[in-house]
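Student: Okay, predicted coordinates and the sequence, questions at the end:
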Amino acid sequence: DSGVTQTPKHLITATGQRVTLRCSPRSGDLSVYWYQQSLDQGLQFLIQYYNGEERAKGNILERFSAQQFPDLHSELNLSSLELGDSALYFCASSVEAGGTGELFFGEGSRLTVL
Amino acid sequence: AQKITQTQPGMFVQEKEAVTLDCTYDTSDQSYGLFWYKQPSSGEMIFLIYQGSYDEQNATEGRYSLNFQKARKSANLVISASQLGDSAMYFCAMREVQTGANNLFFGTGTRLTVIP
């Protein structure tokens, strides 16, 4: 158990809908990362937050947004969903914003868009 | 250029034998971290082993060891005494010292199948 909690574990929805994925980082970790893993794209970095502030942005679509709340949990909002958004979405956390230490991954949220 | 290269899309190993999964990396940083993660069919990303760029000894964690060859920029994972439960995808990753940018890079993975 990495200490990172993601909910829901599985989600099935229809095209055009909106969903919210939630992540609680490990106790004491200030940095949260979101990754998307799809069959054809591998692991893609989406966005990073550190202590409530956006720190780095990757290949995140404009239909997607995220935030980190004062209690450090984070939410990833996916809207106007398309079939291609079906993927495993991972949240990871670390103590610092940069550095070379380990990132701790949650178990992922598997999104299926029908 | 790819930061992390895993050249073996798939590997097979006989149960109880050792197997090496290859990983090369590309960085100009002096300080970086190298990781291996295991992803079973259930999907979760399980941390296996970590090697810091300044660590002089190869990292070991139980049956996992990391063969770190800094000059060759290579960080191969060695799994000894393979078990059926080792069948999974394995990802090599590198974290550079950067701020304000994504600093964790993953390879494309190697699918390991352990044969009874």
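Tutor: Good, I have the coordinates.
Student: Against chain B, how distant is A:T13?
Tutor: 18 Å (Cβ to the nearest Cβ, to the nearest Å). Yep, even glycine has a C-beta here, placed from its N, CA and C like the rest.
Student: Next up, identify which helix or strand the residue positioned nearest the centre of chain A is on.
Tutor: Most central in chain A under Cα atoms, centre = their mean is A:W34, positioned 3.2 Å from the mean C-alpha point. Using DSSP states H and E, A:W34 falls within strand A:31-38.
Student: Give me the contact list for that strand.
Tutor: Residues from elsewhere that reach strand A:31-38, judged by Cβ atoms under 8 Å, 6 or more residues apart in numbering or on different chains: A:23, A:25, A:43-51, A:55, A:59-60, A:66, A:68, A:72, A:74, A:76, A:84, A:86-97, A:103, A:108, B:102, B:104.
Student: Specify the beta-bridge partners of the closest residue to B:D86 other than its chain neighbours.
Tutor: Once flanking residues are discounted, B:D86 sits nearest to B:V114: 5.1 Å by Cβ to Cβ, 6 or more residues apart in numbering or on different chains. The partner list for B:V114 in beta bridges (DSSP bridges) reads B:V13.
Student: close enough to count as contact, B:V114 and B:E15?
Tutor: Yes. Between B:V114 and B:E15 there is a contact at 5.6 Å, judged by Cβ atoms under 8 Å.
Student: give me the residue from chain A nearest chain B.
Tutor: A:T100 (3.5 Å; Cβ to the nearest Cβ).
Student: burial count for that residue?
Tutor: By the measure other Cβ atoms under 10 Å in any protein chain shown, the count of residues near A:T100 is 22.
Student: again with B:A88
Tutor: B:A88: 19 surrounding residues under other Cβ under 10 Å.
Student: Next up, the contacts around it.
Tutor: B:K38, B:Q39, B:P40, B:S41, B:R111, B:L112 are the contacts of B:A88 under Cβ under 8 Å, 6+ apart.
Student: Next: B:Y50.
Tutor: B:Y50 neighbours (Cβ under 8 Å, 6+ apart): A:G101, A:E102, B:G33, B:L34, B:F35, B:A59.
Student: Going by contacts, tell me the helices and strands next to the helix or strand hosting the fifth one.
Tutor: By that I understand B:F35. B:F35 belongs to strand B:32-39 when assigned by DSSP H and E. If you count contacts as 3 or more Cβ pairs under 8 Å, 6 or more residues apart in numbering or on different chains; DSSP states H and E, strand B:32-39 packs onto strand B:46-52, strand B:64-69, strand B:74-79, strand B:88-96.
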